[in-house]
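In: what's the 3D shape of this:
(chains A and B)
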Amino acid sequence: MKLIDEYIKHIEKEFKKSSLKITEEEIGIVNEVKDGVVLLSGLDSVAYGELIQFGKNTVGYVIDLSEDSVGAMVLGDYTGIKAGDQAKAMGITLSVPVSEGIIGRVVDPLGNPVDGGSKISEDKRYPVEKIALGVVKRRPVNVPLQTGIKAIDALIPIGRGQRELIIGDRGTGKTTIALDTILNQKNENVICIYCAIGQKNSKIASIVELFKTQGALNYTIVVNASASDSPALQYLAPYAACAIGEYFMDKGMDVLVVYDDLTKHAWAYRQISLILRRPAGREAYPGDIFYLHSRLLERACRIDDKYGGGSLTALPIIETLEGDVSAYIPTNVISITDGQIFLETELFNAGIRPAINIGLSVSRVGGNAQTKAMKQVSGKLKLDLAQYRDLVAFSQFESDLDEETKKLLNRGARMIQILKQRKNQPYSLLDEVAIIWASANGYLDKIELKNIEEFEIKLIEDLNARGKKLAEKLNKSRILDPDIEKELKKFAEDNLLI
Amino acid sequence: MKIHGYIKENLKKRLIEDLEKEKGKIVVFSALSLSDEEKELLYAKIPRLKGAYIEFITDRNLIAGVIIKIGSKVIDLSLKGQLNNLAQLAYETNR
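Out: Residues are numbered from 1 along each chain as shown, chains lettered A, B, ... in the order given. This next block holds a predicted model:
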């Protein structure tokens, strides 16, 4: 009988121990559902940026806290949410899953794959909103990021950790410049992230196809919030792309992020803000539109080697209307970034592609990062081009110009010609240096303008065939010493003769 | 008709007080109406409820157990809530 007594005691003890865990949940009621934005009551102690859950599979992101209501944007489909529904605060902030496995994938801003592949494995979760790195952990930009585009590498050099704006009208080749830069990072050990905001899905498909055929998908991630996605996702996309970039940057790698484009990002944020009835300012943008972009681009940085190295270069893209750079968003982003590449429709239509307006484009910090060899050859190029621009107005009355002027005009026209480049054909450092060196030293002065491209192709083919050693030497020393110059001279002369 | 400033002030105060009360309002939903003994058990578990004014509402949909609402905070101890959690877990792991 003793056994039974003990047994009953044990049961009684078990009964007393309640396994019920009392957990408090923060609950709100949906009052209004607007385009992608939900207004709720309740949720008294919810925090800004916290996630809230509607029903089974819809998540919202708190972006507005007023006295008696909470505004949240819905991430994903908002059509299933009804007024009167319950919403639960989840007590966490938004983050994206990241791991090495994300390389080569196409994901939405929440880290879900949209390329039909499997779920992305999760090594860590990185917060979408993060305060940029402080002064102590940063160091100045001094390593070049070769874009493979002659005009940019020579005249508007970009360094790792820099923020360089690409600005221009629609159809002037903004995306092409960014894509060529990504294609050129093939053997540069740089992780590239292409963030599409409000773009056509067909364009994204062709970009992914381009990456695939050019082998760029081995080091590239595409974050896509297309025009058909909700404004909430479009708003989050660049921050999510930056968070993914920070994961690799924290590993000590160099990262390049392209935001294509921030104009549409500002539009998405404007829509959300107007629905939330925030006071509209200039061009109906809300008051914090500057901070929207500054906090994003400020996250680009180059970390000091003491803190792990690594860098995050940002190439934001802005689309202007009729070349108007004094509109609200263009001026904002121009002032935030470390320089801009300004593209013009007139140049594009005149056949000068990339259609970079060299006079208006600047790189405020890239000069320190430019390769020595490139600096040596581009100095002369810059001078010649500046003189050419001054003189070109006169060239319409060419009849009585003195010899010296004619020579300068002749040289300038050839300089313009060699800065042209076909798309999706990034140049190696040696190719760039060789062709600019040849023109700066007058080897092209005797060639007719229309034959210059032919010469260029020949020279590059020759360099690829016979110049392996030279390329190695240049990549190692990065300085144009007399030895290299002698070889360049030989290459130039050999190709001129044919 | 113009309302006197003094009355206006009082009305404002009253409204704020009412709102405060509404905020701290405690409602207990249960599947079946609770006996006094059961209420005592509940107070023992959550001391905050003792002595406070509580509105009791029966809702068969809960199947079993109680849901306690304190302002915007909710403590869900119902079978329905547990089943919902299970469904959510199944959905998430299935994805």
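In: List the residues that contact residue B:49.
Out: Contacts for residue B:49 (C-beta atoms under 8 Å, 6 or more residues apart in numbering or on different chains) come out as B:26, B:28, B:42-43, B:68. Placement of C-beta: from N, CA and C, glycine included.
In: in the chain, which residue is closest to the centre?
Out: By default, I'm working from chain A. Residue closest to the average C-alpha location in chain A (C-alpha atoms, centre = their mean): residue A:258, at 1.4 Å.
In: oops, chain B please
Out: Geometric middle of chain B (C-alpha atoms, centre = their mean) lands on residue B:69, at 1.9 Å.
In: do you know how far the closest residue in space to it that isn't next to it in sequence is from chain A?
Out: The shortest distance from residue B:69 to any non-neighbouring residue, by C-beta to C-beta, 6 or more residues apart in numbering or on different chains, is to residue B:27 (4.4 Å). Per C-beta to the nearest C-beta, to the nearest Å, residue B:27 is found 12 Å from chain A.
In: Just grab the bridge partners of residue B:27 for me.
Out: Assessed by DSSP bridges, residue B:27 has beta-bridge partners residue B:55, residue B:69.
In: can you pull the contacts of it?
Out: Residue B:27 touches B:54-57, B:68-69, counting by C-beta under 8 Å, 6+ apart.
In: go on, residue B:81?
Out: Contact analysis of residue B:81 by C-beta under 8 Å, 6+ apart lists B:62, B:65, B:67.
In: cutoff 7 Å now
Out: Going by C-beta atoms under 7 Å, 6 or more residues apart in numbering or on different chains, residue B:81 touches residue B:67.
In: State the distance from it to residue A:453.
Out: Plainly put, residue B:81 is 72 Å away from residue A:453 if you go by C-beta to C-beta, to the nearest Å.
In: Same question for residue A:249.
Out: 39 Å.
In: Same check on residue A:205?
Out: Residue A:205 sits 31 Å away from residue A:453, going by C-beta to C-beta.
In: now do residue A:231
Out: Remark: distance between residue A:231 and residue A:453 (C-beta to C-beta) = 45 Å.
In: Also residue A:163?
Out: From residue A:163 over to residue A:453 (counting by C-beta to C-beta), the distance is 33 Å.
In: neighbour-wise, which of those two wins?
Out: Using other C-beta atoms under 10 Å in any protein chain shown as the criterion, residue A:163 and residue A:453 rank with residue A:163 on top: 27 against 14.
In: Quick check: bridge partners of that one?
Out: residue A:314.
In: Show me which residues of the stretch 51-200 of chain A sit near chain B.
Out: Contact residues (C-beta under 7 Å from any C-beta of the partner chain) of the stretch 51-200 of chain A with chain B: A:56-57.
In: which regions of the stretch 201-350 of chain A lie under the pLDDT threshold?
Out: Applying pLDDT under 70 to the stretch 201-350 of chain A flags no residue at all.
In: secondary structure class for the residue of it found nearest chain B?
Out: For the stretch 201-350 of chain A, the residue closest to chain B is residue A:233, as judged by C-beta to the nearest C-beta, at 18.1 Å. The three-state label given to residue A:233 by DSSP: H, G, I helix; E, B strand; the rest coil is helix.
In: Show the contacting residues for it.
Out: Per C-beta under 7 Å, 6+ apart, neighbours of residue A:233: A:75, A:108-109, A:225.
In: tell me which of these is nearest to chain B?
Out: residue A:108 (14.1 Å).
In: Now do the same contact list for the closest residue to the closest one other than its chain neighbours.
Out: In space, and not counting its chain neighbours, residue A:108 is closest to residue A:114: 5.2 Å by C-beta to C-beta, 6+ apart. Residues near residue A:114 by C-beta under 7 Å, 6+ apart: A:106-108, A:224.
In: burial measure for residue 4, as a count.
Out: The chain I'm using is chain A. By other C-beta under 10 Å, the residues close to residue A:4 number 8.
In: try chain B instead
Out: 8.
In: what's the spacing between it and chain A?
Out: For residue B:4, the distance to chain A - C-beta to the nearest C-beta - is 26 Å.
In: which strand is the longest one in chain A?
Out: strand A:24-34 (DSSP state E).
In: Can you tell me what sits against it?
Out: A:38-43, A:45-46, A:69-70, A:78, A:81-89, A:275, B:72-76.
In: packing partners for the longest helix along chain B?
Out: In terms of residue count, the longest helix belonging to chain B (DSSP state H) is helix B:5-23. Packing partners of helix B:5-23 (3 or more C-beta pairs under 7 Å, 6 or more residues apart in numbering or on different chains; DSSP states H and E): none among the helices and strands.
In: Give the rounded mean pLDDT of it.
Out: Helix B:5-23 shows an average pLDDT of 85 in the prediction.
In: So what's the gap between it and the chain middle?
Out: 23 Å (C-alpha atoms, centre = their mean, to the nearest Å).
In: before we move on, what SS does the nearest residue to residue A:243 once chain neighbours are set aside have?
Out: Nearest residue to residue A:243, sequence neighbours excluded (C-beta to C-beta, 6+ apart): residue A:126, at 4.2 Å. Assigned state for residue A:126: strand (three-state reduction, three-state DSSP).
In: Tell me, how many residues neighbour the residue of the stretch 101-250 of chain A found nearest chain B?
Out: Scanning the stretch 101-250 of chain A for the residue nearest chain B gives residue A:119, at 7.6 Å (criterion: C-beta to the nearest C-beta). Counted by other C-beta under 10 Å, the residues lying close to residue A:119 total 11.
In: Where does it sit: helix, strand or coil?
Out: Under three-state DSSP, residue A:119 falls in the coil class.
In: Roughly how far does it sit from residue B:87?
Out: If you measure residue A:119 against residue B:87 using C-beta to C-beta, the figure is 20 Å.
In: Out of the contacts of strand A:24-34, which sit inside helices?
Out: Under the assignment DSSP H, the contacts of strand A:24-34 contribute residue A:275 to helices.
In: contacting residues for the closest residue to chain B within the stretch 351-498 of chain A?
Out: As assessed by C-beta to the nearest C-beta, chain B sits closest to residue A:424 within the stretch 351-498 of chain A, at 37.5 Å. Residue A:424 is in contact with A:180, A:183, counting by C-beta under 7 Å, 6+ apart.
In: Show the backbone phi and psi for it.
Out: For residue A:424, the backbone dihedrals are phi 60, psi 30 (criterion: degrees, to the nearest 10).
In: what's the distance between it and residue A:173?
Out: Going from residue A:424 to residue A:173 by C-beta to C-beta gives 11 Å.
In: Spatially, which two of the contacts of residue A:114 are the most separated?
Out: A:106 and A:108 (8.5 Å; C-beta to C-beta).
In: list the residues that contact both of those two?
Out: A:114, A:224.
In: Which phi and psi values does the nearest residue to residue B:58 once chain neighbours are set aside adopt?
Out: Computed as C-beta to C-beta, 6+ apart, the closest residue to residue B:58 that is not its neighbour in sequence is residue B:33, at 5.1 Å. Dihedral pair for residue B:33: phi -60, psi 140, per degrees, to the nearest 10.
In: number of nearby residues for residue 8?
Out: Chain wasn't specified; assuming chain A. Here the count is done by other C-beta under 10 Å, and residue A:8 has 10 residues near it.
In: that's the other chain; I wanted chain B
Out: Residue B:8: 11 surrounding residues under other C-beta under 10 Å.
In: and what of residue A:200?
Out: The burial count for residue A:200: 12, using other C-beta under 10 Å.
In: what do you get for residue A:353?
Out: A total of 20 residues lie near residue A:353 under the criterion other C-beta under 10 Å.
In: Now do the same contact list for it.
Out: A:173, A:420.
In: Regarding it, what is its secondary structure?
Out: coil.
In: Could you do residue A:267 as well?
Out: With three-state DSSP as the basis, residue A:267 sits in helix.
In: now the helices: where do they sit in the stretch 251-400 of chain A?
Out: Ranges of helices within the stretch 251-400 of chain A are A:262-275, A:289-297, A:328-336, A:345-349, A:372-392, based on DSSP state H, counting those that start in this stretch.
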